[in-house]
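Q: here is a sequence with its predicted model. Questions after.
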Amino acid sequence: MNRPTSIVIVSLVFAVFADSGWPAALSVSELQISSGAISERMGDFEEAKAHYQKAIDLDPSAQNLLRLGLLAEQMGDLPLAVRSLTRSLSTPGKHTPAAQVLFRLYIESKNDQAALKLAEQFRWTGGTDYCQVGNRKLNAETLAFLAMLIHPERAPCLLTVAKNFTEDGLPTLARLILLTLIEKSDDAALQQEATTYLRHRLPMHDVVKLAESLNIAGYNLQHTFRAPALARAVYERAIAIDPKFSWPYHNIGLTYRDEPDVERFHAWCGKAIAVNPNHWKAQFWFGTAVYRMKRWDEALAAYRKSVELNPGDPGGYSGIGMTLMNLGQRADAIPAFQEAVRLDPTREVDQRVLKGLLEERRGG
């Protein structure tokens, strides 16, 4: 259900001020930062940038400059991001957060020389295995990037970090890491896993940074603030910027799944598949849409494609089983439910259906 825009904005205000303090306790600069944060969460990055720049005019603190640098990174404005973060590093305050963001920015822009120089400047180098080293000052992604730069041939932690970036909506960084593993790792099994994950879980191209960031903003509007109409508008902006990026098409489909509007749910998941046939989640939800429309043959084909793309997903096998039952192929559904339950023993509905089918086959 759509929430009125006014209620969504109030929710955003509460979320922002819960972090930063309430207006009566804030300076003018802090109010500008808070206003910018609200705009940022709405996906209005230009307005957010204007607020952050006003805040910096009033108080050019390391934290305010970091905030602008992070936003510029999301917008794909590399020069502004580098200027803001570099200036933050020359301002009194805690420098490690800004340095790590700048390091990530250099990595993503494939400027390895600048990244290594920054790491040396902050004395992050000198270790022998950055996948194993513990460092309270550096986060896991920074350590993984150091491993990627210094010893990519033995950096198994990169796969976990790539998967985390994927779940966080950052496919470009995930893609860069996986391509490095595939090219440089000494571990053949790790190379194969990276190859499979890259093909089945990520876009087939480097996504435009602004489109990637708008997709994240839309996702948060959809799931955190329960504002599907606002989310769709942001997703459509992402599509306009990078039409080859299938994730926002799929996410629009899920907003209609939840309303529910099965025709639009089906249409948008179909658009995602047309853009990227290897988009596992889009294949699964396309199967669910046509299942709800009782188009059993199409549902079966989509669910089978989804488990081909992700053999570890129990939902896909459950979908195959349920579809086969609707096609009257009850005995053929048994292996699918067995696989679903094997992958996830907590699936109680699948367990009950499987038990009934097995009893039916035994004649009792």
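A: Sure, I can see it. Numbers count the residues shown, from 1 in each chain.

Q: show me the shaky parts of the chain.
A: Scanning the chain with the threshold set as pLDDT under 70 gives 1-25, 134-136, 364.

Q: center of it, which residue is that?
A: By CA atoms, centre = their mean, the chain has its centre lying nearest to residue 169, at 1.6 Å.

Q: how about that residue: what's its closest non-neighbour residue?
A: Once flanking residues are discounted, residue 169 sits nearest to residue 216: 4.3 Å by CB to CB, 6 or more residues apart in numbering. In this view, the C-beta of every residue, glycine as well, is placed from N, C-alpha and C.

Q: quick one on the thing from earlier: okay, the residue nearest to the centre of the chain and residue 182: tell me how far apart.
A: Going from residue 169 to residue 182 by CB to CB, to the nearest Å gives 22 Å.

Q: equivalent analysis for residue 157, please.
A: According to CB to CB, residue 157 stands 16 Å off from residue 182.

Q: cool, and residue 231?
A: Taken as CB to CB, the span from residue 231 to residue 182 is 34 Å.

Q: who's more crowded, those two?
A: Remark: of residue 231 and residue 182, residue 231 carries more neighbours, 28 against 15, as counted by other CB atoms under 10 Å.

Q: which strand or helix spans the residue nearest to the centre of the chain?
A: Under the assignment given by DSSP states H and E, residue 169 is not contained in any helix or strand.

Q: buried residues, stretch 42-56. List them.
A: Buried residues in stretch 42-56, counted by 16 or more other CB atoms under 10 Å: 42-45, 48-49, 51-56.

Q: from those residues, which two are the most distant?
A: 43 and 56 (21.7 Å; CB to CB).

Q: quick one, what contacts the residue nearest to the centre of the chain?
A: 212, 215-216, 219, 247 (CB atoms under 8 Å, 6 or more residues apart in numbering).

Q: give me the phi and psi for it.
A: Main-chain dihedrals, residue 169, degrees, to the nearest 10: phi 80, psi 20.

Q: residue 277 too?
A: phi -60, psi -20.

Q: measure it to residue 199 for me?
A: From residue 277 to residue 199 the distance is 11 Å (CB to CB).

Q: got it, and residue 66?
A: Residue 66 is 36 Å from residue 199, by CB to CB.

Q: the more surrounded of those two?
A: Set side by side, residue 66 and residue 199 show more neighbours around residue 66, with 24 against 13, by other CB under 10 Å.

Q: do I have it right that that one meets residue 98?
A: Yes: shown here, residue 66 and residue 98 form a contact pair, counting by CB atoms under 8 Å, at 4.7 Å.

Q: now the common contact residues for these two.
A: With CB under 8 Å, 6+ apart as the test, residue 66 and residue 98 both reach 85, 88.

Q: now stretch 67-83, how far from the centre of its chain.
A: Relative to its parent chain, stretch 67-83 has a centroid offset of 19 Å by CA atoms, centre = their mean, to the nearest Å.

Q: so what touches that stretch?
A: Contact partners of stretch 67-83, identified using CB under 8 Å, 6+ apart, comprise 33, 36, 40, 45, 48-49, 52-53, 55-56, 84-85, 88, 98, 101-102, 104-105, 109, 208-210, 213.

Q: now, which of the buried residues of stretch 42-56 sits nearest residue 336?
A: Nearest to residue 336 among those: residue 43, at 39.8 Å, using CB to CB.

Q: before we move on, which element is that closest one in?
A: Going by DSSP H and E, residue 43 is not in any helix or strand.

Q: who touches it in this structure?
A: 214, 217-218, 221, 234, 237.

Q: got it, and residue 255?
A: For residue 255, the contact set (CB under 8 Å, 6+ apart) comprises 222, 228, 231-232.

Q: go with 10 Å
A: Taking CB atoms under 10 Å, 6 or more residues apart in numbering, we find residue 255 in contact with 2, 218, 221-223, 227-232, 235, 261, 264-265, 268.

Q: let's have the buried residues of stretch 42-56 in JSON lines, adding secondary structure and distance to residue 284.
A: Listed next are these as JSON lines, based on DSSP: H, G, I helix; E, B strand; the rest coil; distance: CB to CB, whole Å:
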{"residue": "42", "secondary structure": "coil", "distance to residue 284": "29"}
{"residue": "43", "secondary structure": "coil", "distance to residue 284": "26"}
{"residue": "44", "secondary structure": "coil", "distance to residue 284": "32"}
{"residue": "45", "secondary structure": "helix", "distance to residue 284": "31"}
{"residue": "48", "secondary structure": "helix", "distance to residue 284": "34"}
{"residue": "49", "secondary structure": "helix", "distance to residue 284": "37"}
{"residue": "51", "secondary structure": "helix", "distance to residue 284": "39"}
{"residue": "52", "secondary structure": "helix", "distance to residue 284": "39"}
{"residue": "53", "secondary structure": "helix", "distance to residue 284": "43"}
{"residue": "54", "secondary structure": "helix", "distance to residue 284": "45"}
{"residue": "55", "secondary structure": "helix", "distance to residue 284": "43"}
{"residue": "56", "secondary structure": "helix", "distance to residue 284": "45"}
